[in-house]
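Enquirer: mind looking at a prediction? Sequence and model below.
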Amino acid sequence: MDKTAIRNAATVIMVRDTQHDPRILMGQRGAKAAFMPNKFVFPGGAVDTGDADIPLATSLQDRCIAQLSHETDPALIPALATAAIREVWEETGLILGEAGTWPTPPPADWASFAAAGYLPSAAGLTFVFRAITPPGRPRRFDARFFMVDAARQVCGDVDDFTHACDELSHLQWIRLDDVRHFDLPFITQVVMAEVTNLIRNGETPDTVPFFRNDDEESLFLRLGGARL
């Protein structure tokens with residue numbers, strides 16, 4: 001596989017206590033990671049080939065689908081939602097799902113999710129940002145950032161990370177005002193500025209920022225073509 005190729009990816013900004021003391025779930029990448037070592041990040045990762053075949057108990061909202069459809073193959077959209085849910089499960093052990101039985105035996109990477117008695121659900125996922133990794137990095141991703149209210153959408157205890165893999169360490173809920181004191185990638189800082197405004201204003205974005213880094217130029221757009 002060409003490691004310099006741009007891969008589609010999904011990232012999830014999990015929020016809790018939005019009305020009183022908002023907190024964001026983040027973890028630290030390993031020192032030997034090829035991409036963003038030691039940085040604190042949101043759970044997320046690349047879309048897998050099999051993500052498009054995973055059944056969703058509830059699909060994305062129509063508004064979210066419409067926003068994702070700008071400059072994106074519509075066939076990719078369900079896989080982005082599924083990848084977001086899978087990455088949250090793998091990296092944090094938290095389930096975004098609904099109680100139910102799988103129509104067919106799940107693939108290996110979904111076996112423990114299904115064994116818990118849940119189907120993945122995209123209910124509550126809001127599309128809030130899109131960014132393409134600049135050229136010259138060891139990995140490049142076309143990442144879609146989703147936000148979700150963990151208190152409403154997570155099945156079980158939002159503080160239970162016992163089922164998380166070891167990709168992210170120091171998983172923790174960080175107060176919104178404290179996030180800036182952590183070692184964040186540049187793009188995470190940019191996304192946090194957008195997300196902070198959405199949380200504090202209680203808004204759902206009408207348009208979604210798109211930080212598009214092509215080989216020729218970098219543009220900061222609103223999906224739909226308007227330049228910021």
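Expert: Yes, it's here.

Enquirer: just the strands in this structure please.
Expert: 6-16, 23-29, 40-41, 44-46, 95-99, 118-120, 126-132, 140-149, 154-155, 168-175, 209-213, 218-222, 226-227 (DSSP state E).

Enquirer: burial check on Glu71, number of neighbours?
Expert: Under the neighbour criterion other CB atoms under 10 Å, Glu71 is assigned a count of 13. No exception for glycine: its C-beta is placed from N, CA and C like everyone else's.

Enquirer: before we move on, what about Asp62?
Expert: Neighbourhood size, Asp62 [other CB under 10 Å]: 8.

Enquirer: so who does it touch?
Expert: By CB atoms under 8 Å, 6 or more residues apart in numbering, no residues touch Asp62.

Enquirer: burial count for the closest residue to Arg140 other than its chain neighbours?
Expert: Beyond its immediate neighbours in the sequence, the residue positioned closest to Arg140 (CB to CB, 6 or more residues apart in numbering) is Thr133, lying 4.2 Å away. Residues near Thr133, counting by other CB under 10 Å, number 21.

Enquirer: wait, doesn't Thr133 sit right on Asn213?
Expert: Yes. Thr133 is in contact with Asn213 according to CB atoms under 8 Å; the separation is 6.6 Å.

Enquirer: please enumerate the shared neighbours of these two.
Expert: Here Thr133 and Asn213 share no contacting residue, scored by CB under 8 Å, 6+ apart.

Enquirer: where does pLDDT dip in the protein?
Expert: For the chain, the stretches with pLDDT under 70 are 1-4, 31, 34-35, 215-216, 224-228.

Enquirer: please repeat the previous calculation with a cut-off of 90.
Expert: 1-5, 18-20, 30-38, 63, 70-71, 133-139, 166-167, 200-207, 211-228 (pLDDT under 90).

Enquirer: contact partners for the residue nearest to Arg140?
Expert: Counting by CB under 8 Å, 6+ apart, Thr133 makes contact with Ile6, Arg139, Arg140, Phe141, Asp142, Ala143, Ile187, Asn213.

Enquirer: now with 7 Å?
Expert: Neighbouring residues of Thr133 by CB atoms under 7 Å, 6 or more residues apart in numbering: Arg139, Arg140, Phe141, Asn213.

Enquirer: for Gln28, same thing?
Expert: Contacts for Gln28 (CB under 7 Å, 6+ apart) come out as Asn38, Phe40, Leu168, Ser169, His170.

Enquirer: of all the residues you listed, which two lie farthest apart?
Expert: The largest separation in the contacts of Gln28, counting by CB to CB, is between Asn38 and Leu168 at 11.6 Å.
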